[in-house]
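S.K.: After the sequence you'll find the predicted model.
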Amino acid sequence: MPRVLNVWSTHRFWLGFFGALGLPANRLVFSSDTSEEQFREFGRGRGTVDCCWPVKCASAHYGELMFGQRRKLDVLFSPLIYNMPSMLAGHVVDNLACPRVMAGPEMVRAGFTREKDLFAEAGLRYVAPLVTLAEPQLVAGQLFKAFDGILPGLTPAETEAAVAEGFAALARFDADMRGRSRHVLERCAAEGRPCILVLARPYHMDPGIGHEIENDLQNAGYPVLWSQYLPQDPALMDWLFGEEVRAGLMASPFDIADVWPSSYSANTNEIIWGAKFAARMPWIAGVIRMTSYECGMDQPTFTPVQAIVEHSGTLYFAFQELDSTKPAGSVRIRVETILHYLGRSSAGIIARKRALLPPDCPLAPG
Amino acid sequence: MRTLGIDVGSTTVKAVFCEGDAVLWRDYQRHNTHQAEKVLEFLVRLEAECGLQPGRDRLFFTGSGAGVIAPLVGGRIVQEVVAVAAAVERLHPDVHFVSEIGGEDMKTIFFTASESGKGKQIYMQSACSGGTGTFIEKTARKLRIPPEDLARMPYDGHTLHKISSKCGIFAEADANSLLKSGVKVEEIVASLFEAVVYQNLATLTKGNTPMPQVLLLGGPNCFFLGLQQAWRHHLGLLWQERGVALPEDATPEMLITVPADALYYGALGCVEVAGTEPPDSGRYVGGTTLRWWVEEGQHAAKAKEGGTPLGGDPAALADFRARYGATAGPPPVGAEGHRGPVILGCDFGSTTAKAVALAPDGRLLHTAYTPSKGNPIEDARALFRDISAAGLTEIGALALTGYGKDLLRDILGADEAVVETVAHARSAIAVFPDADVICDVGGTDVKIMMLRQGTVADFRLNSQCSSGNGAFLQGVAERYGIRLEDYAEKAFAARAMPSLAMGCGVFLQSDIVNQQRKGWSAEEIMAALAAVLPLNVWVYAGQLNNLRAAGRRFVLQGGTHRNLAVVKAQVDFITARIPDAEIRVHPYAGEAGAMGAALSALDAWSPGKATRFRGFDAIEALTWRTTTSEDTVCRWCTVNCKRSFIDVELPGAPGRPWSKVPLEPGWQRVIAANSCPKGLVEDVNEMRAVKDAMEENAGVSPNIGALVREEAFRSVRLVA
């Protein structure tokens, strides 16, 4: 599987699914993290005309899986993820993937088949079904159709059980990460320390796409949370949003219609909700926004996200033109800049935001 | 009936005169930007030597200069790639891929067999110098390689180094640092060829495999042996990699060819296209109109095409001068009459070092400046000698900013090291407390800072492209022998100006030559250069297409904004987009960084507070030794900068026992002569030391994203 795009938020579903079908773990191979070297070696000249680096770099992942493996692979599996499981499901209009990201595998495939079928030449089956992960009841049918005849003896019932296992594995992973985020916040609350929230798409966790910019802030002593894995247990939600829910300003703690009525995109929705969370959570003193160059999905969110975060005086810093090269010099200066302002303002930000919330905080009982 | 095919390119004119399949006449000459003159000369010669006849013979033009000239002589225009493709199809039915590299553009053509004959895919790039002939020639000139040697220099057999393939100006910088670190010229040139082929393959293949046979066309492909070798190397590898079946016994040499008349394919293609057109199209009407154009018309057109002058009408200029003519702050008052402590801010940049001395009440006492000599300690010493000579000896506080701030912090005993953006913002806020945007244009870089809630929320630094920096204006002024102080007066005196193309600095240079040849004067060109700068700064380098979103209140700083012509252009540019914009020029534009550091130091200072400053005598008495050896070479990338380790005796410093050049306690190391920030980390040993510290940190401050990276793709234990 190419380690690209929304595989970055559905990894555990696939591991769980294939594991349940009896595929030994060492036989599910992910391509490595995105890098310029990888692109130079495996993606060169395969590229599509696309300014979206997260999509464009996928051709290098395909190339690496096809030509860069010691063991020959049998199947290159690259799902077209149409919609996604989301913590906001049920509270938003829809949970769709960015259309460009969803269709990314198709774009990349074209580069490997336009002259001749390179998958066939590499002895690979190319399997790229459309999957609707936000509509679990349909997924087993989609995957059965995709793998029927490829995995010998596969039955619909087996597929269904494996899909259930996949969703369970993903849910366990997400819950575990949310628990760790909560633990970070508890420690921050206990020690009066600030932390940072990254607002980005899941694939910005890929070192070749997000360039691990947040690592430098972590190294300076700031814990780093990501919007995809924020805690959402009821007591905490009530502490942050309860008053507004009761006042009728929002339908639930996960409602974002107050700031983002056209809530169709799962990744965008989570970024918007993350902004609302950050604006209220006292110990999130700064928000780092990452966006890839020319991202059409992100552009309309720039102003609202910034306005939401800054509404409570939380610091907001944007890295808006991320591309294939890590702009090392400017990142260094920017990180130092961010550290300067965090160091200067965090204590005041925490105190001001804390004062706006009910006195009893579930993160710091007693 | 005979046909002239003529290719008017960015550097040369190529023509073939044919009757049927027979070539009667052909020539190829550099036009030195006199395109129309050269075409006229060709036509006159053809009339005399071959009987080219108006009313009977036909002219078909192609190339970037065709658009203006063809209509003047009755000629037809053929798009460049179409022309080349037509010639290739006719002359080389077996060719499937063509690369044509020109002076300022590059093209690829893919031919694929299809049912309806041959399918063509055409790609072209002409906005950036990366991958073009200019890219090679510009760097070779810098390396002082004569053109005839360059043509013969091989690619094969040389060690290759990384050279930016993206921008000609950065390639030049890369080549320079390679040269400085002792890399042989031959290797640098081979690396240039490598970069050109890489850039062509990376940007102009778009998912197609260049299949044999391959034709290389255009001047650079034709003249540079090394470039041909680089193509053969890369295509050979690519074919092997992609399992392209080659004819038996075929070698890349046989499959990748440069035809003897490679320069004439555009012109030959014109003749080819002419054969498919109605017989009366493109009839030569004689050279009279072209002659008129050369002698008079183009000059009249010059005036018409010219933009409104930079100065605008006299009333507007007077108004502008009234607002911006005297933004420079009062000169420093000097040490006389000043008693008590001095607050110092120093800015150690990559090319200069500056200092600003303030009195505790904020009055500017003194400024100092020194060009960087490559050793930050020497630079610091020069600045402090200047300050002490000015009579400012009682230092109350010291803050540093710029590239050298961390290196020198302990050695000078600074109270604070202020990051560049924060220093600039501090400085700007002092002038304009509600500023939204700070635009700092220095000699070699452009910084744009967006402020929110009094902090720098977004920051743009041009790093991929050289477009937009101020050194360029200075270079051009120098070329005209005009002092930088007189730039604005000259530019405002221009009554019209040419419009220069935004973007690539390499092409801007050749565009200037072009405009000059058209008869534009030094004043007019200087005005045009100032006028195009904001576009380069905001749109090209800063990538801010929607300036309004950045804010309404602007501060202009950096040495380049001392030039009133640039300020005028900036004000015009910004107010055209944001009519209610408020724009202020920093009173000490060139010293804004050092001033910001001084103000930061002043913020933290209170009477009687002790400073860490070591004192003038201590700086004067600093003992250091410099090591430059195999062990100091930077191994982080293939450039292998020959760094210097400057070890300074400093009581209490921890030393570096793990280093290849060990340093005993009581000494501090300053790394110099590296060309990028990576080189400030000595080697893997230091990296290990840093990493250990990081890992310790990760436990205390987790990063959820890093945990996902580590764990999410690991196999899971299934719950039975």
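M.R.: Arrived safely. Numbering: from 1, shown residues only, chains lettered A, B, ... in the order given.
S.K.: if I pick residue 355, what's in contact with it?
M.R.: I went with chain A, as the question did not name one. Going by C-beta atoms under 8 Å, 6 or more residues apart in numbering or on different chains, A:A355 touches no other residue. Heads up, the C-betas are built off the backbone N, CA and C, glycines and all.
S.K.: Chain B, not that one
M.R.: Contacts of B:A355 (C-beta under 8 Å, 6+ apart): B:344-347, B:366-369, B:383, B:386-387, B:594.
S.K.: switch the cut-off to 10 Å
M.R.: B:344-348, B:366-370, B:380, B:382-384, B:386-387, B:390, B:392, B:398, B:400, B:591, B:594-595, B:597-598 (C-beta atoms under 10 Å, 6 or more residues apart in numbering or on different chains).
S.K.: which parts of stretch A:305-320 are buried?
M.R.: The neighbour-count criterion (16 or more other C-beta atoms under 10 Å in any protein chain shown) identifies A:305-306, A:308-310, A:312, A:314-320 as the buried residues of stretch A:305-320.
S.K.: Pull up the distance across that stretch, start to finish.
M.R.: Taking C-alpha to C-alpha, to the nearest Å, the span from the opening residue of stretch A:305-320 to its closing residue is 13 Å.
S.K.: Give me the neighbour count for B:F432.
M.R.: 18 (other C-beta atoms under 10 Å in any protein chain shown).
S.K.: if we can go back for a sec, so which of the buried residues of stretch A:305-320 belong to strands?
M.R.: A:315-320 (DSSP state E).
S.K.: a markdown table for the residues you listed, including distance to chain B and pLDDT?
M.R.: Putting these into a markdown table (distance: C-beta to the nearest C-beta, whole Å; pLDDT from 0 to 100) gives the following:
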| residue | distance to chain B | pLDDT |
| --- | --- | --- |
| A:L315 | 6 | 92 |
| A:Y316 | 6 | 91 |
| A:F317 | 6 | 90 |
| A:A318 | 5 | 87 |
| A:F319 | 8 | 87 |
| A:Q320 | 7 | 80 |
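S.K.: Closest one of the residues you listed to A:R100?
M.R.: A:Q320 (17.6 Å; C-beta to C-beta).
S.K.: surely that closest one meets B:Q543?
M.R.: Yes: shown here, A:Q320 and B:Q543 form a contact pair, counting by C-beta atoms under 10 Å, at 8.5 Å.
S.K.: Find the residues that touch each one of those two.
M.R.: Common neighbours of A:Q320 and B:Q543 (C-beta under 10 Å, 6+ apart) are A:293-294, B:460.
S.K.: Pick out the one among those residues with the largest number of neighbours.
M.R.: B:R460 (23 neighbours).
S.K.: Next one: the helix or strand hosting that residue, is it in contact with chain A?
M.R.: Per DSSP states H and E, B:R460 falls inside strand B:455-461. Yes: applying C-beta under 10 Å from any C-beta of the partner chain, one finds strand B:455-461 in contact with chain A at B:455-461.
S.K.: so how far is that strand off the chain centroid?
M.R.: Between the centre of strand B:455-461 and the centre of its chain there are 21 Å (C-alpha atoms, centre = their mean, to the nearest Å).
S.K.: Many thanks, have a good one.
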